[in-house]
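# Predicted model and sequence below, questions to follow.
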Amino acid sequence: MIGAGIVGASCAYALMRAGVRATVVDRGGVASGTTGAGEGNILVSDKEPGPELELALRSGELWRELDEECGGFEWEPKGGLVVAETPEVLDALTAFAENQRRHPGPAGVVASVVPATSLRDFEPHLADGLAGGVHYPQDAQVQPMLAAARLLKASGARLVRTAVERFLVAGDRVAGVRTGQGDLYADAVVNAAGTWAGSFPQAPLPIRPRKGFILVTQPFAVPPVRHKVYTAAYVTNVASDAEGLETSGVIESTRAGTVLIGASRQRVGYDTAIDYRVLAKLARQAVALFPVLADRQVMRAYAGLRPYSPDHLPVIGPDHRLRNLFHACGHEGAGIGLAPATAEMITAQITGGSPRVDPAPFAPGRFA
Ligand SMILES: Cc1cc2nc3c(=O)[nH]c(=O)nc-3n(C[C@H](O)[C@H](O)[C@H](O)COP(=O)(O)OP(=O)(O)OC[C@H]3O[C@@H](n4cnc5c(N)ncnc54)[C@H](O)[C@@H]3O)c2cc1C
């Protein structure tokens, strides 16, 4: 396994449950990549009907099970509330939710429209003047770094802290990896290297970084935000291919009492420098939704690089060029949420089982 982010850790855990031992190689240690910069939302609310929604619904079920098996990562089934600034946006959100509810599959989306007069029953500190919203009780949250660490530990996998330089190839198959600490041989190699997963020369993939910032407030004694709350613009930004800066108000509390404020998206390569203009914009958007935040200091801010794939679907499954190589990467802004169902799919593919969710739309060969 290359990568000890949430995806690699989830795969190691799922493989262990199937009786397969993994060695996990990471150049930086557990959650040292994008997982350490994520918010930890497990969302169905922002997913358009289709394969990603199916994966998200299955993942939601699996996160609940994982919490029972090896919890301690602040899993909270708190629900999400998407709010609309105008009646026109509320109509669009309502239509989006209606479409999601029609999505066929083993588990369905639960969503209910919240009129303006009831918004404060859900979020007492919301600003005046909003047109209404949609409540998604299936949305949940975890602390992603804790989740990666707990899952990796529970998997019993050996963690080797070094960089993978390239795959060891024998004929048409991968036999292991060359690392800074020597060669490691394996029956199968899983590429869970996140934003960097496309850069192995023998099996390149079109994964690119999509930068995002988070602001973290000083803790509140009683956190003022109960759900994951975001504006409709977030759904549009998630689905867009724009390179330039896009922002939307995305806010949630954590168990520690802090409030996390996002979300920005821009494609500027691997640059993680802080841009105070973006931070100021995110702060203004958050205060517009929750005026109570205006009195609170921001404790820290950081940037992370989402692993963006050109069609916004993760890359999961066997490589189309080299046997014994599997990819589990490219989850962009949803890798925390989608990790358990990704791991279930990869495990079924490695062990010859039947995946619960159809793997075809996620096949790495679709870019060939
Ligand atoms: C601001 C922000 C907010 C986000 N919020 C959410 C959210 O609320 N919900 C959600 O689901 N997702 C969210 N995401 C996205 C989520 O964080 C990612 O999709 C997820 O963390 C990807 O996990 P991963 O394990 O694939 O990658 P990573 O966590 O990046 O792990 C990959 C690992 O591979 C290692 N690696 C790479 N190359 C090599 C190499 N050559 N040799 C050895 N090791 C290597 C890296 O060190 C890294 O640890 C957010 C992202 C950002 C930036």
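Looks like it arrived, so ask away.
# Find the residue ranges of this structure scoring beneath the pLDDT cut-off.
104-107 (pLDDT under 70).
# Per the annotation, how does it divide into domains?
Per automatic domain parsing, the structural domains of the chain span 6-41+145-206+311-367, 79-137+208-308.
# what's the span of the longest one, first residue to last?
Using C-alpha to C-alpha, to the nearest Å, the gap from the first to the last residue of domain 79-137+208-308 comes to 25 Å.
# ok, back up a step: most packed of the domains of the chain?
Mean neighbours per residue, mean count of other C-beta atoms under 10 Å, is largest over the domains of the chain for domain 6-41+145-206+311-367, with a mean of 21. Every residue, glycine included, has its C-beta placed from N, CA and C.
# JSON lines for the domains of the chain, including distance to the ligand?
Output for the domains of the chain, formatted as JSON lines (distance: least, C-beta to the nearest ligand atom, whole Å):
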{"stretch": "domain 6-41+145-206+311-367", "distance to the ligand": "2"}
{"stretch": "domain 79-137+208-308", "distance to the ligand": "3"}
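# which stretches of the stretch 151-300 of the chain form helices?
Taking DSSP state H, counting those that start in this stretch as the test, the helices found in the stretch 151-300 of the chain are 233-239, 276-289.
# out of those helices, which comes closest to P307?
Checking the helices of the stretch 151-300 of the chain against P307 by C-beta to C-beta gives helix 233-239 as the closest, at 13.8 Å.
# Identify the residues contacting the closest one?
Residues outside helix 233-239 that contact it (C-beta atoms under 8 Å, 6 or more residues apart in numbering): 45-46, 48, 82, 96, 246-250, 263, 265, 312, 332-333.
# Quick one: mark the members of the residues you listed that sit in strands.
If you go by DSSP state E, these have 82, 246-250, 263, 265 in strands.
# Among those, find me the one that's closest to G171.
Among those, and counting by C-beta to C-beta, the member closest to G171 is R265, at 41.4 Å.
# and the closest residue to the closest one other than its chain neighbours, what does it touch?
Closest residue to R265 in three dimensions, ignoring its sequence neighbours and counting by C-beta to C-beta, 6 or more residues apart in numbering: E246, at 4.8 Å. By C-beta under 8 Å, 6+ apart, the residues touching E246 are 233, 237, 240, 264-266.
# Kindly recompute the last result at 10 Å.
For E246, the contact set (C-beta atoms under 10 Å, 6 or more residues apart in numbering) comprises 210, 212, 233-234, 236-238, 240, 263-266.
# what ranges do the strands span in the stretch 101-250 of the chain?
Under the criterion DSSP state E, counting those that start in this stretch, the stretch 101-250 of the chain contains strands at 112-115, 132-136, 140-141, 158-160, 164-170, 173-179, 182-185, 189-191, 208-217, 228-231, 246-253.
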